[in-house]
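# Give me a 3D structure for the following:
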Amino acid sequence: MERIIITGALGQIGTELTLKLRDIYGEENVLPTDIKKPESSALKGKTFEILDIRDADRLSELVTAFKPDTIMHMAALLSATCEKDPKLAWDINMGGLINALEVARNHNLKFFTPSSIGAFGPSTPKENTPQVTIQRPTSMYGVNKVSGELLCDYYFSKFGVDTRGVRFPGLISHVKEPGGGTTDYAVEIFFEAVKNGRYTSYIDKNTNMDMMYMDDAVDAIIQLMEADADRLENRNAFNVTAMSINPEMVANEIRKHIPGFKLEYDVDPIRQGIAESWPNVIDSTEAVKQWDFNPQYNLAKMTEIMLQAIRNKQ
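Sure, this is the predicted structure:
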């Protein structure tokens, strides 16, 4: 990668990905885009373009002018938001994806888009979920992600587009507030612990889900995109994870720093249903084998950093 355009650059991953890419490749070689201008993020006042990913002509114009070699397509609605408006979810998540893939095909660009553990469903093996396994999701978000994985594979085999992706678990960050995902409790709990010393979880206590600290997620994207294509047996998309946790585990770790922290429950049936349809622990062996995936943060290390960073903000 030398010159990169990013869609959805103000999203949960996009913000931190843009900053890291600019550190590595130079600000002039990374063009972030989103449907609105940055008002309060670290991208405010920097080079930025407005793009609704459903507008294929606008995307093509930006690529023609900027001349990237890589497109990172991050624009998407998240799981809980998709359930509120499934048709809008399809229009943005799938319409936007095929627009981005067509631009990559026409301009000969390397292509990245994230998938998710949401691509799995109730019939997927729950423990040590393999790289290649049954995928029959029951949420619109999951249907979008499975369709996206297949579409990216199609563009690779049919047109030779260098498509790559990972199946992200829940991502935890202190930089960007959560945006409608099922795993967002694992971000909110840290903010509420610092602010109020208590949190009411919408996910039930013994519900294990895979998670990663955002720094590991951003590093994984860059590492995969820089990997030698000859090593990649799979493409869309690699299982990646750093930890499998539930709300009680997070609360116990927080109490090492905030002893009086209280965790209560008011379970949201929609998000709980989505969570229960996902694996408990996924197997990321293939990512390790094919491109040296190596997360650096476990629950203890992440908790310490999250709490300190949130305190510093306040």
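
# Which parts of the stretch 51-200 of the chain are strands?
Per DSSP state E, counting those that start in this stretch, the stretch 51-200 of the chain carries strands over the ranges 70-73, 110-112, 115-116, 163-164, 166-168, 170-172, 198-201.

# Can you name every helix or strand that the second one contacts?
Using 3 or more Cβ pairs under 8 Å, 6 or more residues apart in numbering; DSSP states H and E as the contact criterion, the elements in contact with strand 110-112 are strand 70-73, helix 96-107, strand 163-164, helix 214-226. The way it works is simple: take the backbone N, C-alpha and C, and place the C-beta from them, glycine included.

# of all the strands of the stretch 51-200 of the chain, which lies closest to Tyr297?
strand 170-172 (8.8 Å; Cβ to Cβ).

# In a markdown table, list the helices and strands packed on strand 110-112 along with mean neighbour count and distance to Tyr297.
A markdown table is the format used below for those (neighbours: other Cβ atoms under 10 Å; distance: least, Cβ to Cβ, whole Å):
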| stretch | mean neighbour count | distance to Tyr297 |
| --- | --- | --- |
| strand 70-73 | 26 | 22 |
| helix 96-107 | 20 | 29 |
| strand 163-164 | 26 | 22 |
| helix 214-226 | 20 | 5 |
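
# ok, back up a step: and Ser79, which of the strands of the stretch 51-200 of the chain is closest to it?
Ser79 lies closest to strand 115-116 among the strands of the stretch 51-200 of the chain, at 7.7 Å (Cβ to Cβ).

# who's in contact with that closest one?
79, 141-142, 145, 148-149, 165-169, 236-237 (Cβ atoms under 8 Å, 6 or more residues apart in numbering).

# weakest of the strands of the stretch 51-200 of the chain in terms of mean pLDDT?
For these, mean pLDDT drops lowest on strand 170-172, to a mean of 91.

# what are the C-alpha coordinates of the worst-scoring helix or strand of the chain on mean pLDDT, in PDB please?
Here the helix or strand of the chain ranked lowest by mean pLDDT, DSSP states H and E is helix 79-84, holding a mean of 86. Output of helix 79-84 as PDB, limited to C-alpha atoms (Å, rounded to 0.1, in the frame of the first residue of the first chain):
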ATOM      1  CA  SER A  79     -25.900  -5.000  13.900                       C
ATOM      2  CA  ALA A  80     -28.500  -3.500  16.200                       C
ATOM      3  CA  THR A  81     -29.100  -0.500  13.800                       C
ATOM      4  CA  CYS A  82     -29.600  -3.000  10.900                       C
ATOM      5  CA  GLU A  83     -32.500  -4.600  12.700                       C
ATOM      6  CA  LYS A  84     -34.400  -1.300  13.000                       C
END
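
# for it, packing partners?
Secondary elements touching helix 79-84 (3+ Cβ pairs under 8 Å, 6+ apart): helix 140-159, helix 269-276.

# Out of those, indicate the one that is most buried.
The highest average neighbour count among those, using mean count of other Cβ atoms under 10 Å, belongs to helix 140-159 at a mean of 20.

# now do the same end-to-end measure for stretch 75-83.
17 Å (Cα to Cα, to the nearest Å).

# hang on, Cys82 packs against Ala89?
Yes: in this structure, Cys82 is within contact of Ala89 by Cβ atoms under 8 Å, at 3.7 Å.

# Settle it for me: which of these two has more neighbours?
Cys82 (27 against 22; other Cβ atoms under 10 Å).

# Tell me who's in contact with that one.
Ala89, Asn93, Ser139, Met140, Tyr141, Asn144.

# Show me which pair in those residues is furthest apart.
Top of the distance list for the contacts of Cys82 (Cβ to Cβ): Asn93 and Ser139, 11.7 Å.
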